[in-house]
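Enquirer: I'd like to go over a predicted model; first the sequence, then the structure.
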Amino acid sequence: MKKASVSQNRFAAFAAAAVTAGALLIAGSFTALAAGGLDMSTYYPGISVKPGESVNFSLNFENQSGGGRDTSLTIESIPDGWDGYFKGNSNSVNRIHINSGDNEGLATFSLTVPAETPSGTYQAVLLADAGEGVSDSLTLDITVSEAENGQSNFSSEYPEQEGASGTSFKFDTTLVNNRSREQSYSLSSNAPDGWQVSFTPSGQTTHVASVSVDSGGSQGISVEITPPETITKGEYSISCSAVSATETLPLDLKVTVTGSYKVELSTPSGLLSFDAYANDEKAVTLTVTNSGNVDLENLNLSSSLPSGWEARFDESAIDLLEAGASREITAYVKPSGDSMTGDYAAVFTVKNDITSGTADFRVSVKTRTTWGILAVVIIVVLIGGLGMIFKKYGRR
Amino acid sequence: MKKHAGLTALFEKELADHLLGKRFVLILVLIWATCFASLYGATSGMREAGVSDYPFLQLYTTGGSSIPSFMSFIALLGPFVGLALGFDAVNGERSSGTLNRLMAQPIYRDSIIIGKFLAGTAVIAIMVFTMGILIGTCGTLRTGFAPQPEEVMRIFVFLFFTVVYIAFWLGLSILFSVLCRHTATSALAVIALWIFFAIFMSLVANIVANAVYPVNNDYYVIVNSLKNYSLNLNLNRISPYYLYCEAVSTVMDPSIRAVNAVTMNQMVGAITGYLSFGQSLLLVWPHLTGLIALTLAAFAASYVCFMRQEIRSN
């Protein structure tokens, strides 16, 4: 039927092609206007581009004129403001020599689409003129569209994660290259200071700063985000991006740091033992540290001691202890009067409704050296007494 | 005349008499035998019972194969050494007539008794320290445990206690040799005291404590147990034998934390651990003071008696 319409009326055929566009239009332009045995063609005369991009058309020539010919290449028509030129062997060219027969990929036509070009279909007509009436023209159809068909993407199935501070968050992401060429993407993030973001290709252990993805291929990338230790509770958004020469693929990852409630009790030096004397008060400095990421309120100090022992604190309650802050408190411990010499266990606890921290102390109860001195004094007195006896009863 | 004229000469003479006498050889053989027997007992006991954190001290405190430890041997036989050296110190010389001759020399009378006591104590010190060090060296050779400095200090304190303890028995036997005319009487008197303190004192203490604080029914057990035990303990402590045993076992075992009765209340929260050397010493200072006081009292009594005695009467 189509064949019949062509043979019937050529003009009608063109009109039909203009209305239906698509394959018929391409087919029409691909049909070279052969004149005198020179044919200029390209495999993909119709192409889609994004504004601001450039496209290359590889040009093929078929010379049936029975001998090599020098041919001049010109741009017959091109949309206003567009830029196009011929390339051959890395140079800009305007004349080429076409040997007899097929010449594939002899030259390349490079076309740059201006960034502000509105969407639509545009045409460029190229002319190859070998002189002596041997010439051929080639019409290229360029469809400019905002969203290019082959848009690559960088995505994660679960872009939001939740966890306590001190943990690291691992996102499994996929980078898909839908472009027609292999592309190298450099990976980066806008994480604030103190955060660590690392990219690891799946199946690998090394951190990478860029990955190369084949055309049509995909690459799994594991993104590990480690917030700083001292992070406070809240929601944080980290933007990662994969940037190639032609595209920028953003990926927003969300990290929700949950509150961790932790209070620690220790001493400034970390030493959890001290000496004490029976029935004698001993001052011990304790440090209460809020090692969680939420402010703690109404902390109370208490002690669990051997029976008969007493302890008091210079400050037995803390109204507010900010996240990460610590406070020094002095405890006064008084071992009972009848405690044995040697080691006892004493436990101090700091707690509120939510959390608690303990410190186990080893208290060495000692006997005062005064008793030893007393013993020496008594022995000296005894020897003195013996001397008195010598004096009184001796030498008679 | 010089102060204490002749004391040095008397001291040297007495020391030479002791060291060259047959009696000394007899004591030495006895002590050496017990020494090696207890060492054998200690090593076999350590093999059976295992080794503590202070293995070197165990050489002195462990018994085994039904042989008592060196420590208990010395507590029991130490008094024998003291009395063997002193039971005839004065009355022996008196009966053989040498005392009169001695008094004829240009020396003070008190030099005689001081010289005798000091010479005896010197012999005891030499003997005890030699023995203690011998046990240590033989024990090191046999077991391969090298002593830690703290162990060495504890052993020296133990040996010092032993010297004071035996010196007390020497003083006591010299007192009886002054009081009794016959050597046999004085020897028997000291032996009687020795056996009484070593064996019967604990029985007496037990009887008295039970009489004062009876524990023969459940109510009394609840009410009187602690008082009964404390009275028993304090009565036992009159005995130098018990005092010495308690003191040296505390010094030689760093895990002993108290010498008195320990209530459950005191045990709450206590952690097993070792006392430092100084703390162990501070636990037994009353024992040391008591033993020294007893020794000095025994010697002072014999001194006073000797000085007031009529010598030339027979």
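Expert: Noted; the coordinates are in hand.

Enquirer: Quick check: nearest residue in space to residue A:71, chain neighbours excluded?
Expert: With C-beta to C-beta, 6 or more residues apart in numbering or on different chains as the criterion, residue A:71 has its nearest non-adjacent residue at 4.3 Å, and that residue is residue A:130. All C-beta atoms are positioned from the backbone trio N, CA, C, and that covers glycine.

Enquirer: let me fix that: residue A:100
Expert: With C-beta to C-beta, 6+ apart as the measure, residue A:63 is the residue that lies nearest to residue A:100, at 5.1 Å, once sequence neighbours are left out.

Enquirer: pretty sure that neighbour is touching residue A:104, no?
Expert: No - look at residue A:63 against residue A:104 with C-beta atoms under 8 Å: they stay out of range, at 11.9 Å.

Enquirer: The residue of chain B found nearest chain A: how many residues sit nearby?
Expert: Evaluated by C-beta to the nearest C-beta, chain B has residue B:269 as its residue closest to chain A, separated by 3.0 Å. Around residue B:269 there are 19 other residues, counting by other C-beta atoms under 10 Å in any protein chain shown.

Enquirer: before we move on, what about residue A:99?
Expert: For residue A:99, which is what you asked about, the neighbour count (other C-beta under 10 Å) is 12.

Enquirer: check contacts around it.
Expert: When contacts are counted by C-beta atoms under 8 Å, 6 or more residues apart in numbering or on different chains, residue A:99 is found next to A:63, A:68.

Enquirer: so what pLDDT did the nearest residue to residue A:294 once chain neighbours are set aside get?
Expert: Nearest residue to residue A:294, sequence neighbours excluded (C-beta to C-beta, 6+ apart): residue A:259, at 4.3 Å. Here, the pLDDT recorded for residue A:259 equals 78.

Enquirer: Quick check: phi and psi at residue A:259.
Expert: When read as degrees, to the nearest 10, the backbone of residue A:259 gives phi -70, psi 140.

Enquirer: Regarding the residue in chain B sticking out farthest from the centre, what is its secondary structure?
Expert: No residue in chain B has its C-alpha farther from the mean C-alpha position than residue B:219, which lies at 39.6 Å (C-alpha atoms, centre = their mean). In the three-state summary, residue B:219 is assigned as helix, counting by DSSP: H, G, I helix; E, B strand; the rest coil.

Enquirer: what about the residue nearest to residue A:294, neighbour count?
Expert: One way to gauge burial is a neighbour count; for residue A:259, by other C-beta under 10 Å, it gives 15.

Enquirer: how close does it sit to residue A:317?
Expert: Computed with C-beta to C-beta, to the nearest Å, the distance linking residue A:259 and residue A:317 is 22 Å.

Enquirer: now swap in residue A:214 and tell me
Expert: The span separating residue A:214 from residue A:317 equals 65 Å under the rule C-beta to C-beta.

Enquirer: and what of residue A:219?
Expert: The spacing between residue A:219 and residue A:317, counted by C-beta to C-beta, is 57 Å.

Enquirer: So which of these two has more stuff around it?
Expert: When residue A:219 and residue A:317 are compared for neighbours, residue A:219 comes out ahead with 18 against 12, by other C-beta under 10 Å.

Enquirer: My guess is residue B:190 contacts residue B:172. True?
Expert: Yes - using C-beta under 8 Å, residue B:190 is in contact with residue B:172, at 6.1 Å.

Enquirer: where does the stretch 51-200 of chain B dip in pLDDT?
Expert: Applying pLDDT under 70 to the stretch 51-200 of chain B flags no residue at all.
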